[in-house]
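>>> Take a look and give me a structure for this.
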Amino acid sequence: MLGVFMGLDFFLFYVFWEVMLLPMYFLIGIWGGSRREYAAIKFFLYTLLGSVLMLIAILMLYFTSDLRALSEGQLVASHVVSPGLDAAARTAAVEAIRSASAPVHTFNLLALAEIGQLPDSPFAVARVWGWSLETLAFLLLLIGFVIKVPVVPVHTWLPDAHVEAPTPISMILAGVLLKLGGYGILRICYPICPGGGIALAWLVCGLGVVSMVYGAFAALAQKDFKRMVAYSSVSHMGYVMLGLGVWSAVAGTQYAWDAWAQGVNGAMFQMLAHGISSAGMFFMVGVLYDRVHHRNLEEFGGIFGRMPVYAGLAVTIFFAGLGLPGLCGFIGEVLVTLSSWKYSQTLAVISAFTVILTAAYILWAIQRVYLGAEYKGPHGDHLTPITRRELAIAVPLVILAIVFGVAPQTIFRTVTPTVNKQVKTLAEWTRVVHDARPANRGAIPAPALSGGSAGRFPADGVASTGVTP
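Residues are numbered from 1 along each chain as shown. Model prediction:
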């Protein structure tokens, strides 16, 4: 997982993405529940399908890329040419690339992003089966990443994997693994294939809204406590997709990037907050399961009387997942909902309505499990107070849920500068490059974007690629 987050080489990223499957496959397949082999194989096959499509997109982008199209500044900024070289060595390295007789291909993610955002990007010019290559590559990468998120309709591996996985593996799966999909969309899809991103923004937002509504209704219908929490993850990650997809910096909104930046920042916060609340919810379910060996919501009740300290911590974590103001789940959902209003008021209303569904299944679960006069299920004599080892895991999660809810700037201080930089760059790309192409020109004049990448995209809309005609 660390390799996926740190890799700046596309092929290295792909290798880590694939290798990551193996330990998770064995952790579920060996130490999981009664249907562990089915769940592990289903998880493996779903993710492998996405990986194959991702590999096709990677190869398409690699063989279409050409470093000769980049200027010296872009080659240095993307670390194709080391910034540590002296001026003479740097110039020689750049000239060696630019004077090559054949295209110089690259897997460098930063360089691919520079190429993808050129006015005459080869990704936009190339055609595959009548599609723009960047649109097709965006779609293939998107499928690979949304399987990991996951979104409807490629989500069905998640409930099975969560239900059969041991509690620690469910926590890793919910806390980190699902976030890799959102990271890939933000880090790879949009910067490298911006034309595909703006063309398919409706698809990204639509998948997010369908997932959040479907996941909430599915969670409401569950009798298995752990499966309910798994479907809540599908619903909550829908907010991430919606926040990433609200490309509102277009001609009709005068290329104002603030609403989109609000959505992407909200999606980032939601990923981090969900990593805390969802991992905490799975842990709380696991604590009960270790004692009574069942997860039937209809056979709980009265846990507050039997395990008051545990129940207090659990309810706090579940309220964080609900999105209660003052806890971590609230901030991201509000920002995403507000930002989507600029893109589509219908989607904003639906996402706001989903909060009611979330409250319904969370509060109903709390009522059935923790409230009530007495415990209704088997092994009631095993409901012993929470141990110090369990407290050592639960208390930090509860503290983080409260801290991030009360002081969200602890996250935004780190996240916002990077997110805003990318959103500004893509908003300026939309104004100067995308809408300047004949097929994309609109009737609304394109005003200058304050604070944008003026040096990278000149006012006349012609970027200096450093290539002599």
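>>> packing partners for the helix or strand that contains residue 333?
Residue 333 belongs to helix 328-343 when assigned by DSSP states H and E. Helices and strands touching helix 328-343, by 3 or more Cβ pairs under 8 Å, 6 or more residues apart in numbering; DSSP states H and E, are helix 201-220, helix 225-245, helix 258-292, helix 308-322, helix 345-369, helix 388-406. Bear in mind the C-beta positions are built from the backbone N, C-alpha and C, glycine included.
>>> Dump the C-alpha coordinates for the last one into PDB.
Extracted C-alpha coordinates of helix 388-406, given in PDB (Å, rounded to 0.1, in the frame of the first residue of the first chain):
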ATOM      1  CA  ARG A 388      -7.400  -2.900  28.000                       C
ATOM      2  CA  ARG A 389      -6.100  -4.200  24.700                       C
ATOM      3  CA  GLU A 390      -9.400  -3.400  23.000                       C
ATOM      4  CA  LEU A 391      -9.400   0.000  24.700                       C
ATOM      5  CA  ALA A 392      -5.900   0.700  23.300                       C
ATOM      6  CA  ILE A 393      -7.400   0.300  19.800                       C
ATOM      7  CA  ALA A 394     -10.800   1.900  20.300                       C
ATOM      8  CA  VAL A 395      -9.800   5.100  22.200                       C
ATOM      9  CA  PRO A 396      -7.400   6.500  19.600                       C
ATOM     10  CA  LEU A 397     -10.000   6.000  16.900                       C
ATOM     11  CA  VAL A 398     -12.700   7.800  19.000                       C
ATOM     12  CA  ILE A 399     -10.200  10.700  19.800                       C
ATOM     13  CA  LEU A 400      -9.300  11.100  16.100                       C
ATOM     14  CA  ALA A 401     -13.000  11.100  15.100                       C
ATOM     15  CA  ILE A 402     -13.600  13.900  17.600                       C
ATOM     16  CA  VAL A 403     -10.500  15.900  16.800                       C
ATOM     17  CA  PHE A 404     -11.100  15.800  13.000                       C
ATOM     18  CA  GLY A 405     -14.700  16.800  13.600                       C
ATOM     19  CA  VAL A 406     -14.000  19.700  15.900                       C
END
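>>> Now that helix: buried residues?
Buried residues in helix 388-406, counted by 16 or more other Cβ atoms under 10 Å: 390, 393, 394, 397, 398, 400, 401, 404, 405.
>>> Just put the residues you listed in TSV and tack on distance to residue 111.
Output for the buried residues of helix 388-406, formatted as TSV (distance: Cβ to Cβ, whole Å):
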residue	distance to residue 111
390	48
393	42
394	45
397	39
398	43
400	37
401	39
404	35
405	39
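>>> tell me the contacts of residue 379?
291, 292, 293, 294 (Cβ atoms under 8 Å, 6 or more residues apart in numbering).
>>> The closest residue in space to residue 405 that isn't next to it in sequence: neighbour count?
The shortest distance from residue 405 to any non-neighbouring residue, by Cβ to Cβ, 6 or more residues apart in numbering, is to residue 327 (3.9 Å). Residue 327 has 25 neighbouring residues, counting by other Cβ atoms under 10 Å.
>>> so what's the backbone phi/psi at residue 327?
Main-chain dihedrals, residue 327, degrees, to the nearest 10: phi -120, psi 170.
>>> hang on, it packs against residue 320?
Yes. Counting by Cβ atoms under 8 Å, residue 327 does reach residue 320; the two are 4.0 Å apart.
>>> hey, what's in contact with both of those two?
Residues touching both residue 327 and residue 320 (Cβ under 8 Å, 6+ apart) are 277, 401, 405.
>>> Now do the buried residues in stretch 86-101.
Buried-residue list, stretch 86-101, by 16+ other Cβ under 10 Å: 90, 93, 94, 97, 98.
>>> And the pLDDT at the residue nearest to residue 281 when sequence neighbours are not counted?
Leaving aside its sequence neighbours, residue 281 sits nearest to residue 229 (Cβ to Cβ, 6+ apart; 4.7 Å). You'll see residue 229 listed with a pLDDT of 94.
>>> Return the residues in contact with the residue most central in space within the chain.
Central residue of the chain (Cα atoms, centre = their mean): residue 182, 1.5 Å from the mean position. By Cβ under 8 Å, 6+ apart, residue 182 lies in contact with 145, 149, 237, 240, 241, 244, 267, 271.
>>> Run through the residues that contact the last one.
Which is residue 271. 179, 182, 183, 237, 240, 332.
>>> okay, those in CSV with distance to residue 366 next?
CSV is the format used below for the contacts of residue 271 (distance: Cβ to Cβ, whole Å):
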residue, distance to residue 366
179, 26
182, 28
183, 31
237, 22
240, 24
332, 21
